[in-house]
Every structure is written in C-alpha cells, then in structure tokens.
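1. just to be clear, the model below is a prediction. Sequence and coordinates:
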Amino acid sequence: MKIKKGDKIQVISGKDKGKTGEVQLVLRKLDKVVVTGINIVKKHEKKNETGDKKGGIIAVEAPIHVSNVQILDPNKNKPARVGFKMEKDKKVRITKKYNSVLK
C-alpha cells in the first residue's frame, strides 16, 4: 500500500468527495484507511456496567477504501498518484504528476 499513517490525503469519490484530512490508521489486510474528520458515522453504544462508558449515540470515523483517496502533493497541495523512485540506493515515494518527493 502506498499510503502511510500521517499522510495528507483528499477523498476523490463517495459522500465526502473533495474533503481533505490526515491518515490516522492504515488497515493493510482490508486495503482501507481511517482519516481524521472523514466518513463520520453514528454508532450506538451500550452503557458499561462499571460506569466507565455512558450509553448513547456517538460519532466515529469509519474506514474508507484506499482506492477512494489520493495523496496531496506537499508543494502544490493537489491530489496525485504515488510512485517509487531510487535515490542514492534508497527507495523514496514520489508523486507521479509533480515528481516531488514525499516524506
């Protein structure tokens, strides 16, 4: 997977199309990512017997498929596909459209 935790991304399809955020969690086996402020869903939570959790409806970020997001170029702040390039015996990630190196 070419997207990592901490990357700035933009949603390219779905109900949150056009929104941007930072990747919190990468689920490699499912090919999904959890992004801050994107794909918010309501979850019904049951009250805990010990009183740690209150019951009610809470908002949580649900995973979104990696094919529905693109990484934002650090210089242009526009979405682009990710590729790899060798630089001095080291493999680095680059944006294919703008050919800039990602951290």
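-> Received, thanks. Numbers count the residues shown, from 1 in each chain.

2. per-residue confidence for the residue nearest the centre of the chain?
-> Nearest to the mean C-alpha position of the chain, counting by C-alpha atoms, centre = their mean, stands V23 at 3.5 Å. V23 is assigned 97 on the pLDDT scale.

3. quick check: what element follows the strand or helix carrying it along the chain?
-> In this assignment (DSSP states H and E), V23 forms part of strand 20-27. Per DSSP H and E, the first helix or strand lying C-terminal to strand 20-27 is strand 32-35.

4. within its sheet, name the partner strands of whichever helix or strand comes after that following strand and how each one runs.
-> Using DSSP H and E, the helix or strand that follows strand 32-35 in sequence is strand 40-45. With DSSP bridges as the test, strand 40-45 is paired with strand 56-61 (antiparallel).

5. buried residues in the partner strand, which are they?
-> By neighbour count with 16 or more other C-beta atoms under 10 Å, strand 56-61 contains the buried residues E61. C-beta coordinates here come from the backbone N, C-alpha and C atoms, glycine included.

6. I'm done for today, thanks for sticking with me.
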